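Engineer: I need the structure of the sequence given here:
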Amino acid sequence: CRDRAKLVPRSLSGCREYIDDTNNIYDELVSLLPKVIDTLKEHGKMQEFLSFNRLLSEDKFPLDNIAFLLFLDVVRWLSLEETATRMRYSDEVKCFWRTGLRLFHGRFLRFMGGPKNKGQIVYDEATPGYLDPQKSKINFVVPDRRSLKDENKMVDGNTPRILDKMISNVSATDKDKLRTYKMCVDGKKINPCSSGDVNLWGYEDAPTYNDKQTRLDTEMDYFNDIQSKLDKFLKAGHVLTSSLDDSDIDCITETCRTSITILSHRIKDLRQLKLKNEIFLNKLMSKCDNDWKNSQYAMVISTIRTNVYLIDNCIDDLLQANEKLCKNAALTSSMPSLYQDSSVIRLQNQQNIVCLENNGNEETDTAVIKQRTNTWHEIREKSIATGSTINKAIGLDGLKKQKEFILQKTGKMEPPVISSELQQKFDYGTENEINAVATLVSTVLPAFCPSGCFFEEGCYVEHTGNTPLLTVSGR
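Structural biologist: Numbers count the residues shown, from 1 in each chain. Just a heads-up that it's a prediction; the model follows:
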């Protein structure tokens, strides 16, 4: 006759466990087995289950196997009556997830965890704080990231130094007591298209990683402060511009100006980063045949193309943010009617711009001769230097270029042929000058200098005797 132990249920992690109750566990397993077999056969898992139990009976299955421990966590999870706040994890499992987090970061945890109960509260399938684990869609039961914080780190911080804790740990595990070790250096190779956001402890090119991080923290603090001020502003009932006093208007204008400055610097950085990515992308594409998707660089090329796409989207968002900031500043200014948010601006309708006529002659003051007219070009041709060539003329571009400039002006050397690529850039700048002026008079001036006016100018000529020495065009 078998001795039957007393049934002792205990709640651990929200599920029921039976302690010192072999006979009752045996009876429960016998009663569950027919249904278990039917379910396994229905899903085609009977053979694996039978092999698993055979290995257990022969003591051939390693019970410390990490896959088995993770499976047990899934069992505990699905046995919970409430959400995962009562879930507990073994040290072995935590070590596994902590290692994965260090190697592959948060993306690893999110992928391994699955969607869980995502969306159930939104669709009224669950109540906040009472999520049903049995309705969750999980891959593995992943601990909360905060619980994976390693309190006993062998390496603290990023400063280069002798790692005493690591050496002590290696020495303690040296069974043979050889006390002989190889020394290695953990170097860093920076990707050619990297933005430089790699911490080289001050040895990287300026701005350093710490400089960039400080800049980011400062800007984030600034925008967070703006958000808190805006919330108080709205709570005070200041919704219409008519309810604002002069101090409020000055505050809004200065805030918009500072914000636009910060975002514009970020746009400049993003464009430079995009250029680096595109240069590196073109370099890789040149190494591939027509079908780059089947080349060895396929993954890298795909990643860079994605980065360029994301950068473009970010630049567009920042430009839209700048436009909204200019609009808000203009609407609170003394001349809100000057602001135009249309994509097409008619300069003749703008009250803050004075344009020149298209004609002119040699007797006319050069300051009122419209640029790029025949008269304007003739004046520039007679001058020794212009605003575009003054650096070469006085040697700021180097002695070699200064000599070449003098030889060209004296007719002893033919001027260099401008490449099609460089000419294309010149043409782009010339064609878009009018767009820059339109943006200035319809957006920038109404927002930050409502009383200002833009005057178009021709050019100014400095003479040495009767000889035109320098011609500089204005705007």
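
Engineer: show me where the chain has helices.
Structural biologist: 22-42, 46-57, 66-79, 91-113, 164-172, 209-235, 246-286, 298-331, 374-382, 390-393, 399-409, 420-439, 445-448 (DSSP state H).

Engineer: closest to residue 349 out of these?
Structural biologist: For residue 349, the closest of the helices of the chain is helix 420-439, at 11.2 Å, according to Cβ to Cβ. Backbone N, C-alpha and C define where each C-beta goes, glycine included.

Engineer: could you give the mean pLDDT of that closest one?
Structural biologist: Average pLDDT, helix 420-439: 91.

Engineer: by how many degrees do it and helix 298-331 diverge?
Structural biologist: Using axes from the mean of the first three to the mean of the last three Cα atoms, to 10 degrees, the direction of helix 420-439 lies 30 degrees away from that of helix 298-331.

Engineer: Tell me where the model's unsure across the stretch 201-350 of the chain.
Structural biologist: In the prediction, the stretch 201-350 of the chain carries residues with pLDDT under 70 at positions 233-243.

Engineer: Mind putting the helices of the chain into TSV with mean neighbour count and distance to residue 470?
Structural biologist: Converted to TSV, the helices of the chain look like this (neighbours: other Cβ atoms under 10 Å; distance: least, Cβ to Cβ, whole Å):
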stretch	mean neighbour count	distance to residue 470
helix 22-42	12	92
helix 46-57	12	89
helix 66-79	15	78
helix 91-113	14	59
helix 164-172	11	67
helix 209-235	12	40
helix 246-286	15	31
helix 298-331	15	36
helix 374-382	14	10
helix 390-393	17	7
helix 399-409	14	13
helix 420-439	11	21
helix 445-448	23	29
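
Engineer: Which residues are in contact with the nearest residue to residue 401 once chain neighbours are set aside?
Structural biologist: Leaving aside its sequence neighbours, residue 401 sits nearest to residue 392 (Cβ to Cβ, 6 or more residues apart in numbering; 4.9 Å). Contact partners of residue 392, counting by Cβ atoms under 8 Å, 6 or more residues apart in numbering, are 401, 402, 404, 405.

Engineer: Read off the pLDDT value for the first one.
Structural biologist: Per-residue confidence for residue 401 comes out at a pLDDT of 90.

Engineer: Distance of it relative to residue 413?
Structural biologist: Noted for residue 401: a distance of 12 Å to residue 413, by Cβ to Cβ, to the nearest Å.

Engineer: tell me the pLDDT at the residue nearest to residue 401?
Structural biologist: You'll see residue 392 listed with a pLDDT of 90.

Engineer: What of residue 161?
Structural biologist: Confidence score, pLDDT, at residue 161: 69.

Engineer: next one: the one 3 residues further on
Structural biologist: Per-residue confidence at residue 164 stands at 77 (pLDDT).

Engineer: same check, this time on residue 144
Structural biologist: Here the pLDDT value assigned to residue 144 is 85.

Engineer: likewise residue 130?
Structural biologist: Reported pLDDT for residue 130: 68.

Engineer: before we move on, the earlier item: do you know which of the helices of the chain lies nearest residue 355?
Structural biologist: helix 420-439 (9.2 Å).

Engineer: Could you tell me the model confidence score at the nearest residue in space to residue 145 that is not next to it in sequence?
Structural biologist: Leaving aside its sequence neighbours, residue 145 sits nearest to residue 109 (Cβ to Cβ, 6+ apart; 6.3 Å). Residue 109 carries a pLDDT score of 89 in this model.

Engineer: which residues touch residue 109?
Structural biologist: Contacts were defined as Cβ under 8 Å, 6+ apart; by that measure residue 109 touches 97, 100, 101, 142, 145.

Engineer: do residue 288 as well
Structural biologist: 295, 297, 301.

Engineer: Include distance to residue 325 when you put the residues you listed into JSON lines, please.
Structural biologist: Formatted as JSON lines, the contacts of residue 288 follow (distance: Cβ to Cβ, whole Å):
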{"residue": "295", "distance to residue 325": "44"}
{"residue": "297", "distance to residue 325": "41"}
{"residue": "301", "distance to residue 325": "36"}
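
Engineer: Pick out whichever of the residues you listed sits closest to residue 335.
Structural biologist: In terms of Cβ to Cβ, no member of the contacts of residue 288 lies closer to residue 335 than residue 301, at 50.6 Å.

Engineer: mind checking how far the residue nearest to residue 401 is from residue 261?
Structural biologist: In terms of Cβ to Cβ, residue 392 sits 33 Å off from residue 261.

Engineer: how near is residue 412 to residue 393?
Structural biologist: Distance from residue 412 to residue 393, by Cβ to Cβ: 16 Å.

Engineer: do the same with residue 145
Structural biologist: The gap separating residue 145 from residue 393 is 63 Å, by Cβ to Cβ.

Engineer: How about residue 163?
Structural biologist: Taking Cβ to Cβ as the measure, residue 163 falls 59 Å from residue 393.

Engineer: and what of residue 100?
Structural biologist: Per Cβ to Cβ, residue 100 is found 64 Å from residue 393.
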